[in-house]
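[1] Coordinates for the following, if possible.
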Amino acid sequence: MLRQERFARTILNGFEAYFAEFQNITLAARSRFENADWPGMQEASRQRIDLYKEKTIQVNTYVELIAGERLRDFEFWREAKAIYSRLIEDHDNFEIAETFYNSVFCAVFDHHQIRDEYAFVFSPRGDMPPADVSRVYRTYRLRGDLGALLAAVLEDYAFDLPFEDRERDIRNLVAAIESYVAPRLDLAGEGVEFHVLEPHFFRNKSAYVVGRIVSDGKTMPMVLPILHNESGGVYVDTILFGSDKLSVIFSFTRSYFFVNASIPSQYVLFLQQLMPAKPISEIYSAMGHNKHGKTYYYRCAFRHMTSTTDKFIIAPGIKGMVMSVFTLPSYDFVFKIIKDRFTPPKEMTREQVKEKYRLVKRWDRAGRMADTQEFTNLAFARERFSDELMEELLEVAPSLIEEHGKALVIRHVYVERRMTPLNLYLQKATDEQVVAVMDEYGNAIKQLAAANIFPGDMLLKNFGVTRHGRVVFYDYDEIQPLTECNFREIPKPRTEAEEMASKPWYTVGPNDIFPEEFRLFFSGNQRARKVFDSMHSDIYAASFWRGLQEQVSSGYIESFFPYRRKLRFDRGVAD
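    Residues are numbered from 1 along each chain as shown. Just a heads-up that it's a prediction; the model follows:
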């Protein structure tokens, strides 16, 4: 057997081992849900994210041994890639297998010389495998009795736990469908079908049943969140309709799902039909295949860059002290690089900032922190950078910028979805929008805290507003676990000198935080502050934060709902 073939087979075996372990972790999610093992669910999420790097490191030790002196020989990699392509020709998950190969290549070459001749920058078989999505959903035909159809769905998607009150849940579902769907789709005609993806989607403390209602060629996406009452039963919490609500469920601000999908592309294509505005890269990531989501993102980004002519500019908003951010006006993403030197009083290192981003990737983001893709040695067309932006980058991060002919290479960069900075949003917001977004802002702070994250710098400019009106935090350099903070009241001055002192007369430790000072985050926007204070003034009290610390330290894990609480069904019991 040729050395190149042994080399290619070793990488493929590494991928198979990775995917099998990924599936094993995923398969355990159902039991964790049934056992209400919420800490186990969080640990499994972190374990699955770490698994990819562990497996690529393991494979690298083997390929280095097999390749020997030819490890950095590009002709060797060209030949190995051709063999690998043949080996995965009939593979159900060839697209993810290609990404795994790329990861091994990048580990060897430290993300340099990434060319289509040696790696799968673009797939020779196209971005997506041809897939028959009908293989991954169950079909329920409506024959007049909507309640009977829903009873069949709940029966098929039951757990090894009883429903708290199945008849009540069915009544709630019937009423919601008749109220929302019936005016939009003809449910009385022939051929009405419910298409429901076969496995549950698990995340945090919820299970989701995802599908669509089809009538006369029209479709209505739907999702049923099922919750554990932690008393030995489950219940349907609500039913959500439409692409927008489903998109929030699969948001880039949330942890990745556990879903038993042996051929992920089939599920991705079905979900993309339900959420046509959501990038396929984000759907792959939402299902836990974030590395392939990154590959898919790059391919789409490359095509966008080559099909447009607008120039990269400094992103709108107040410049950060740690990060420099730029974007294309025609593009829905921003690029963030870490400055060489931070604006005082920031005192930290580039590696510490990177560690904060790694923490966010592995944490329960609670729908309030943006997921990012991290790139090393990312090449751009130099001519696409505005003069103002080039001047900015060369001033704040010259160590990260390299020019090679017509190419501009940035050694390290994060990419995330573009949002409207909250401070800019407020400038044009109506009174009604200010009320809604300030409530969202307060909820974002509280939900991050409940997830054991203290944001640190809570200035309005560090939060963004999504197209769905949700407020999301995206400045991570000062985040830390809530349990590591020491929340204090500001001591009352004992003398006139202390009262008039320009600096704190009391000692302040490195982790001391004084919530009374949080009002300063609204300086310059009294309209927003007045609205915020009417809804969330409790965050100004140290006792509020200490209470959350006690809750987190006790092991309690909060439920984070990706939908408004007003949409939840009335269970007739205290919740």
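[2] quick one: F250 and A286 touch, right?
    Yes - look at F250 against A286 with CB atoms under 8 Å: they come within range, at 4.6 Å. In this view, the C-beta of every residue, glycine as well, is placed from N, C-alpha and C.
[3] if I look at those two, which residues touch both of them?
    Between them, F250 and A286 share these contacting residues under CB atoms under 8 Å, 6 or more residues apart in numbering: F257.
[4] Which strands or helices does whatever helix or strand L269 lives in pack on?
    Counting by DSSP states H and E, the element that carries L269 is helix 264-274. Packed against helix 264-274 by the contact rule (3 or more CB pairs under 8 Å, 6 or more residues apart in numbering; DSSP states H and E) you find strand 206-215, strand 218-228, helix 280-286.
[5] Is E43 in a helix, a strand, or coil?
    Secondary structure assignment for E43 (DSSP: H, G, I helix; E, B strand; the rest coil): helix.
[6] Can you report how many residues lie near it?
    Number of residues near E43 (other CB atoms under 10 Å) recorded here: 12.
[7] Leaving out sequence neighbours, find the closest residue to K336.
    Nearest residue to K336, sequence neighbours excluded (CB to CB, 6 or more residues apart in numbering): Y414, at 4.4 Å.
[8] How far does stretch 87-103 sit from its chain's centre?
    Centre-to-centre, stretch 87-103 and its host chain are 24 Å apart (CA atoms, centre = their mean, to the nearest Å).
[9] got the contact list for it?
    Contacting residues not belonging to stretch 87-103 are listed as 8-9, 11-12, 14-15, 18-19, 52, 56, 81, 84, 114, 119-121, 123, 125, 127-129, 262-265, 289, 291-292, 294-295 [CB under 8 Å, 6+ apart].
[10] In PyMOL, how would I select the buried members of those residues?
    To isolate the buried subset of those in PyMOL, counting by 16 or more other CB atoms under 10 Å, use the following:
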select buried, resi 8+9+11+12+14+15+18+19+52+56+81+84+114+119+120+121+123+129+264+265+289+291+292+294+295
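[11] give the contact list for M41.
    29, 32-33, 202, 204-205, 258.
[12] Out of those, which is nearest to R72?
    Distance to R72, by CB to CB, is smallest for F258 among the contacts of M41, at 38.3 Å.
[13] who touches that closest one in this structure?
    F258 touches 25-26, 29, 41, 44-45, 48, 201-203, 288, counting by CB under 8 Å, 6+ apart.
[14] Adding secondary structure and distance to P515 as columns, could you present those residues in CSV?
    Converted to CSV, the contacts of F258 look like this (DSSP: H, G, I helix; E, B strand; the rest coil; distance: CB to CB, whole Å):
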residue, secondary structure, distance to P515
I25, helix, 38
T26, helix, 40
A29, helix, 37
M41, helix, 31
A44, helix, 34
S45, helix, 30
R48, helix, 35
F201, strand, 37
F202, strand, 35
R203, strand, 30
G288, coil, 36
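[15] Filter these down to the buried ones.
    Among the contacts of F258, those buried by neighbour count (16+ other CB under 10 Å) are 25-26, 29, 41, 44-45, 48, 201-203, 288.
[16] Could you grab the helix/strand/coil label for the residue positioned nearest the centre of the chain?
    The chain has F252 as the residue nearest its centroid, 3.2 Å off, counting by CA atoms, centre = their mean. On the three-state scheme (three-state DSSP), F252 is labelled coil.
[17] so it touches S281, yeah?
    No - when contacts are counted by CB under 8 Å, F252 is not listed as touching S281 (9.5 Å).
[18] so which helix or strand takes in the residue nearest to K336?
    Per DSSP H and E: Y414 is located in strand 407-417.
[19] partner residues bridging V223?
    Bridge pairing for V223 (DSSP bridges) gives the partners V210, L240.
[20] Now do the contacts for it.
    208-211, 239-240, 245-246, 249.
[21] can you rerun that using 7 Å?
    208-210, 240, 246, 249 (CB atoms under 7 Å, 6 or more residues apart in numbering).
[22] Please apply the same query to A188.
    No residues are in contact with A188 under the rule CB under 7 Å, 6+ apart.
[23] Can you tell me the closest non-neighbouring residue to K346?
    Distance criterion CB to CB, 6+ apart; nearest residue to K346, sequence neighbours excluded, is M321 at 4.8 Å.
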